[in-house]
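# Provide a 3D model corresponding to the input given below.
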Amino acid sequence: MENLNTPLKKTRALNLSTTEKLMIILWLGIIYLTWYFMHGADHFLELTKVAMGKYFPVKYVLILHITAGGGALISGPLQFIKSLMIYSPKIHRALGYLYLFAVLGSSFTAVILAFTTAYDINWAYAFSLQVWVSVWISATFIAFRAAIKKQFIQHKQWMVRSYMVTIAFVVSALILKLPMMARIGDMSEVSPSIFWFAWSVPLYIYQMVLALKNKG
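Numbers count the residues shown, from 1 in each chain. Take a look at the predicted model:
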């Protein structure tokens, strides 16, 4: 029989701040956008030459790239919720490894695509993707290395950089869908500039914010 005099174990509550609640809402928006763009690639699952076109020789590479990329987009934001990290460090680490493996899967397949099918569009398109994926891999690796060394401030900063490069895929896709983009020029000409803009400008702004904080 249970001893009623035994003190109950205290359970930790997940108390989200207002900022973190807004982050959850943003995360739900990212889930929707991820579904939206992945749903637009459903025809690739037919794995036929007609459905996949130029991607048919690398069909499995493309499928892994899209699937892992979706995993990176969804798992990334949850790592920035401090209350969740305090509530369960194990969940935080699990999400971190999930994000790491998702980025590895999506980025290394992106390298293959950037050095093969991307050249079917033009050199500038391929080169912009090659630089983009190089930044993605390196930023994520540095973030992981900082965590292993328990350099948690650097880890957080590099995770922010890594996810900025991750979310840039969605940002660039949304910009390219704007009607005005079709009036500016052909997508093969416009895309490289949008690719550079989607990740480099946010990273520059983030570096400015960090510099101002350190100065203060």
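# low-confidence stretches in this structure?
1-13, 216 (pLDDT under 70).
# which helix runs longest in this structure?
Using DSSP state H to define each element, the chain has its longest helix at helix 187-215.
# tell me the SS of residue 14?
coil (DSSP: H, G, I helix; E, B strand; the rest coil).
# pretty sure it contacts residue 91?
No. Using Cβ atoms under 8 Å, residue 14 makes no contact with residue 91, being 10.1 Å away. Using the backbone N, CA and C atoms, a C-beta is placed for each residue, glycine as well.
# between these two, what contacts are shared?
Residues touching both residue 14 and residue 91 (Cβ atoms under 8 Å, 6 or more residues apart in numbering): residue 84.
# could you pull up the residues touching the residue nearest to the spatial centre of the chain?
When Cα atoms, centre = their mean is applied to the chain, the residue found nearest the centroid is residue 166 (2.8 Å). Contact analysis of residue 166 by Cβ under 8 Å, 6+ apart lists 69, 72, 73, 76, 103, 136.
# what about residue 146, distance to residue 154?
In this view, residue 146 and residue 154 are 4 Å apart by Cβ to Cβ, to the nearest Å.
# out of those two, which sits in the busier spot?
Shown here are residue 146 and residue 154; by other Cβ atoms under 10 Å, residue 146 has more neighbours (18 against 15).
# on that earlier part again, show me the contacts of residue 166 that map onto strands.
Assigned to strands by DSSP state E, none of the contacts of residue 166 qualify.
# what's the local residue count around residue 195?
Close neighbours of residue 195, defined as other Cβ under 10 Å, add up to 23.
# how much space between it and residue 69?
Applying Cβ to Cβ, the value for residue 195 to residue 69 is 15 Å.
# so residue 58 sits right up against residue 113, yeah?
Yes. With contact defined as Cβ under 8 Å, residue 58 and residue 113 form a contacting pair (6.7 Å).
# now the helices for the protein?
Using DSSP H, helices in the chain cover 18-39, 49-52, 59-75, 82-87, 89-114, 123-148, 152-176, 179-184, 187-215.
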